[in-house]
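Visitor: heads up, no residue letters with this:
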């Protein structure tokens, strides 16, 4: 109870929930209860929350809008810190755009478009927040966050704020040093070039149309389930392995795009993990290629998610 009191003192009782079902906060619509779920509204609150959790030896996890996350059916024993709507400011200044970690990428791309700034079109349909996008160097349609990032402000485990460039963040395909070093992304600045607003908007509309036609947006999912293996396309490998439409309970390899595992209704985290493992085994057996999940797993033991 002392931890609960401390969290309430930091962010206010209305922003601290106990035994909160995580299926309410992930795009997969899957996940058991988190012991504590807190939504900070200031950078200093995040620093204090992390410090309290470390002091109490309580596990914590920083999340955005839960678009790339699978939470176990038993939930998460610890504190989930959601950096989302209460920390989502975005504004343009000249040829640069500033965004807080909780801002959606779609909002960031829209602000850039309104300012006639080109370079962020690729991100307009990515469903995640800025913090998550930096953590995995999100990308689509030939663009990546590292292409447009100027620098980012992060919070270290020791409560220190650092401003790091894209190079210092070691951004590469679906990777950064943020995860390994347990940094918390607070905000970022992007550098763009001036463009034509109508052309930028037209490109964003084209990409949105392509997503609607090719991706199973009508079902809950965590987006692309697997990273792209070098020299291959994940969806094609899965399809060629005969796994299109493969179903385990409420979880399914999408019939629309085999790179997506979807929740057709009532899927459990256990079913999704089992399905992912089956895809990995069958693709490895047929093509000798190991499929690495792009989705993050929390609330599982290592043995539950290990191949």
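Guide: Looks like it arrived, so ask away. All of these numbers come straight from a predicted model, not from anything done at the bench.
Visitor: how many neighbours does residue 74 have?
Guide: 14 (other Cβ atoms under 10 Å). All C-beta atoms are positioned from the backbone trio N, CA, C, and that covers glycine.
Visitor: next, count neighbours for the closest residue to it other than its chain neighbours.
Guide: Closest residue to residue 74 apart from its sequence neighbours, by Cβ to Cβ, 6 or more residues apart in numbering: residue 32 at 4.9 Å. Neighbour count of residue 32, defined by other Cβ under 10 Å: 18.
Visitor: for residue 32, what are its contacts?
Guide: 21-23, 71-76, 269, 299 (Cβ atoms under 8 Å, 6 or more residues apart in numbering).
Visitor: C-terminal to the helix or strand containing residue 4, what's the next element?
Guide: Assigned by DSSP states H and E, residue 4 falls within helix 2-11. Per DSSP H and E, the first helix or strand lying C-terminal to helix 2-11 is strand 16-21.
Visitor: one step back: what angle separates the helix holding residue 4 from strand 16-21?
Guide: Orientation of helix 2-11 against strand 16-21 (axes from the mean of the first three to the mean of the last three Cα atoms, to 10 degrees) gives an angle of 120 degrees.
Visitor: ok, residues contacting helix 2-11?
Guide: Contacts of helix 2-11 (Cβ under 8 Å, 6+ apart): 16, 18, 36, 38-41, 45, 48-49, 52-53, 56, 58, 79.
Visitor: filter those down to the buried ones, PyMOL style.
Guide: Command for PyMOL that selects the buried part of these, burial taken from 16 or more other Cβ atoms under 10 Å:
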select buried, resi 16+36+38+39+40+45+48+49+52+53+79
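Visitor: out of the contacts of helix 2-11, which sit inside helices?
Guide: 45, 48-49, 52-53 (DSSP state H).
Visitor: and which of those residues is nearest residue 66?
Guide: For the ones in helices among the contacts of helix 2-11, the residue nearest residue 66 by Cβ to Cβ is residue 49; the value is 17.8 Å.
Visitor: mind listing what residue 295 touches?
Guide: Listed by Cβ under 8 Å, 6+ apart, the contact set of residue 295 reads 68-70, 222-223, 225, 276.
Visitor: before we move on, back to that, which ones among the contacts of residue 32 map onto helices?
Guide: Going by DSSP H, the helices hold residue 269 from the contacts of residue 32.
Visitor: could you give the bridge partners of residue 187?
Guide: For residue 187, the beta-bridge partners under DSSP bridges are residue 100, residue 153.
Visitor: tell me the contacts of it?
Guide: Counting by Cβ under 8 Å, 6+ apart, residue 187 touches 43, 98-101, 130, 152-153.
Visitor: quote the end-to-end distance of stretch 137-150.
Guide: 13 Å (Cα to Cα, to the nearest Å).
Visitor: ah, wrong one, I meant stretch 31-44
Guide: 29 Å.
Visitor: quick check on residue 118: phi, psi?
Guide: Note on residue 118: its backbone torsions stand at phi -110, psi 150 [degrees, to the nearest 10].
Visitor: now for it, how many residues are close by?
Guide: Look at residue 118: counted by other Cβ under 10 Å, it has 18 neighbours.
Visitor: show the model's pLDDT score for it.
Guide: pLDDT for residue 118: 96.
Visitor: equivalent analysis for residue 88, please.
Guide: On the pLDDT scale, residue 88 gets 96.
Visitor: and what of residue 180?
Guide: 87.
Visitor: how close does it get to residue 246?
Guide: 33 Å (Cβ to Cβ, to the nearest Å).
Visitor: so these two - more neighbours on which side?
Guide: The neighbour comparison of residue 180 against residue 246 (other Cβ under 10 Å) goes to residue 246, with 19 against 9.
Visitor: quick one: contacts for the nearest residue to residue 294 once chain neighbours are set aside?
Guide: Counting by Cβ to Cβ, 6+ apart, residue 294 lies nearest to residue 227, which is 4.8 Å off, once chain neighbours are set aside. Contact analysis of residue 227 by Cβ under 8 Å, 6+ apart lists 173-174, 234, 291-294.
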